[in-house]
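[1] mind folding the following:
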Amino acid sequence: MPARLFQRDLLFLLHDVARLLRLDADKRARSHGMTRAQWGILIWLERQPGISQKELSELLEVEPITVARLIDRLEARGMVERRPDPRDRRIWRLHLMPTALPVLREIDQQRAEMTAAVSSGIDREALEAMIETLLRMKSTLTLEALAARRSALTQQPEPQETV
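    Just a heads-up that it's a prediction; the model follows:
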């Protein structure tokens, strides 16, 4: 594939833009003594207070032990609190503490700066079209993943009876 076509390959472009955004977010989080993963957890807890560690690990697509360690660090900083689930004592529900609110405001500021930088020079109409296109891509991929999971569940072999 000629270099000019390779540079316009949609999948590579999406990957490269996401990678560059992750690098920028890592740098910004580090400058505030945190990690991008910690920032992500705070954002999710603001959006879904009381989420369980397991649910959070599924959203972040990481192992539950990874989330547990990140929560340990945030809890040590007084930003997150684990509360027992009232119906199942094996489950911890996660809640933000007031000390996390200034950090969330800083994250919002950093996200606004990143958005301004990445969309610089792109007119509003083109930006809206891009957002709609990305939403459609996300929806398509989500539906395909759901269909694949359903198909895998229905194609599992029946347990064999033993005599």
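
[2] phi and psi next, for the one residue sitting closest to the centre of the chain.
    Nearest to the mean C-alpha position of the chain, by Cα atoms, centre = their mean, lies L60 at 4.8 Å. Per-residue torsions, L60: phi -80, psi -10 (degrees, to the nearest 10).

[3] what's the answer for G121, then?
    phi 80, psi 0.

[4] measure it to L13 for me?
    16 Å (Cβ to Cβ, to the nearest Å). From N, CA and C alone the C-beta is placed, and that goes for glycine too.

[5] same thing with L21?
    Noted for L21: a distance of 12 Å to L13, by Cβ to Cβ.

[6] on that earlier part again, the residue nearest to the centre of the chain reaches A37, doesn't it?
    Yes. Using Cβ atoms under 8 Å, L60 makes contact with A37 at a distance of 7.5 Å.

[7] touching both of those two, which residues are there?
    Counting by Cβ atoms under 8 Å, 6 or more residues apart in numbering, the residues touching both L60 and A37 are T66.

[8] more crowded one of L21 and L13?
    Set side by side, L21 and L13 show more neighbours around L21, with 15 against 12, by other Cβ atoms under 10 Å.

[9] from what I see, the more buried one and S119 are in contact.
    No. The pair L21 / S119 is not scored as a contact, 11.8 Å apart, by Cβ under 8 Å.

[10] what do those two both touch?
    With Cβ under 8 Å, 6+ apart applied, the contact sets of L21 and S119 do not overlap.

[11] residues in contact with the residue nearest to the centre of the chain?
    Going by Cβ under 8 Å, 6+ apart, L60 touches 37, 40-41, 44, 66-67.

[12] how much space separates it from A152?
    According to Cβ to Cβ, L60 and A152 sit 22 Å apart.

[13] please consider this matter closed, and thank you.
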